[in-house]
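Peer 1: Okay, predicted coordinates and the sequence, questions at the end:
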Amino acid sequence: MLSGPSGVGKGTVRKALFETGNTDFSYSISMTTRKPRKGEVNGVDYYFVSKEEFEENIRNGEMLEYAKYVDNYYGTPLKYVNETLDQGKDVFLEIEVNGAMQVRANCPDAVFVFLTPPDLMELKHRLIGRGTDAMDVINKRIKKAVGEIRMMRNYDYAVVNDEVSNAVERIQMIIRSERLRVTRVMPDYEQMIGDE
Ligand SMILES: Nc1ncnc2c1ncn2[C@@H]1O[C@H](COP(=O)(O)OP(=O)(O)OP(=O)(O)O)[C@@H](O)[C@H]1O
Ligand SMILES: Nc1nc2c(ncn2[C@@H]2O[C@H](COP(=O)(O)O)[C@@H](O)[C@H]2O)c(=O)[nH]1
């Protein structure tokens, strides 16, 4: 689970992490009521839906988590996560802090990483530099970022995204150490106790 303020570089770092080929996570595509940005593709970047459709998904219990963020809904469809976990694969979520805390409450095994900017000025530069949002939207996102950074203490790990390659390396170290921890506490119990 990767969280962090808008513009910190979650998407950039996640793509670089997946490109290393050293990760076997399945990325969960979120659902949103936000309008697609230039170049964004439905079913790749997000499932873009209407407010009515999103609210119906909530009513039907089809979201693992969801949150309202700067006037739009964002959420994780439950079906994909369940199907992927049932296949024995780990799921990678890239979501904001309120949704992350809902997952925290429901998925005790999930690992929570907060990606943080070197400072708020740099965050603003990145949001402006991305060129996808109007200045009033950028200001709303920066305002949100202050509260989001306060939530960092509720995460298992904090990673500074100063350079993308450094952030990727730090996340890879976290993945390795979490996998080692799980194998250490989960010996092959079937072999230990036999078939019966
Ligand atoms: N380490 C970095 N140094 C400089 N620029 C960066 C770095 N990481 C990402 N960026 C740039 O910052 C901008 C925002 O990155 P990105 O879209 O990945 O952020 P995000 O956290 O996924 O945002 P959102 O939550 O709004 O989807 C992009 O223009 C990206 O190229
Ligand atoms: N709670 C959730 N937050 C999500 C999800 N997918 C994305 N996000 C976060 O929303 C903001 C804004 O995203 P943007 O694409 O409009 O810039 C950002 O922090 C995303 O990480 C989700 O499924 N649930």
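Peer 2: That came through fine. Ligands and ions are numbered 1, 2, ... in the order given.
Peer 1: Only C-alpha atoms from now on, for both contacts and neighbour counts.
Peer 2: Noted.
Peer 1: which residues in the protein form strands?
Peer 2: In the chain, the segments counted as strands under DSSP state E are 2-3, 26-27, 31-32, 47-48, 63-69, 72-77, 91-92, 113-116, 157-160.
Peer 1: Averaged pLDDT, the second one. What do you get?
Peer 2: Yep, that's strand 26-27 we're talking about. In this model, strand 26-27 has an average pLDDT of 96.
Peer 1: cool, the fifth one as well?
Peer 2: For strand 63-69, mean pLDDT rounds to 97.
Peer 1: For the biggest helix by length in the chain, which outside residues touch it?
Peer 2: Using DSSP state H, we find that the single longest helix of the chain is helix 164-185. Applying CA atoms under 8 Å, 6 or more residues apart in numbering, the contact partners of helix 164-185 are T12, V13, R14, A16, L17, Y157, V159, V160, N161.
Peer 1: give me that answer again for 6 Å
Peer 2: The contact list for helix 164-185, computed with CA atoms under 6 Å, 6 or more residues apart in numbering, reads V13, L17, N161.
Peer 1: so, in contact with ligand 1 or not, it?
Peer 2: Yes: against ligand 1, helix 164-185 shows contacts by CA under 6 Å from any ligand atom at V164.
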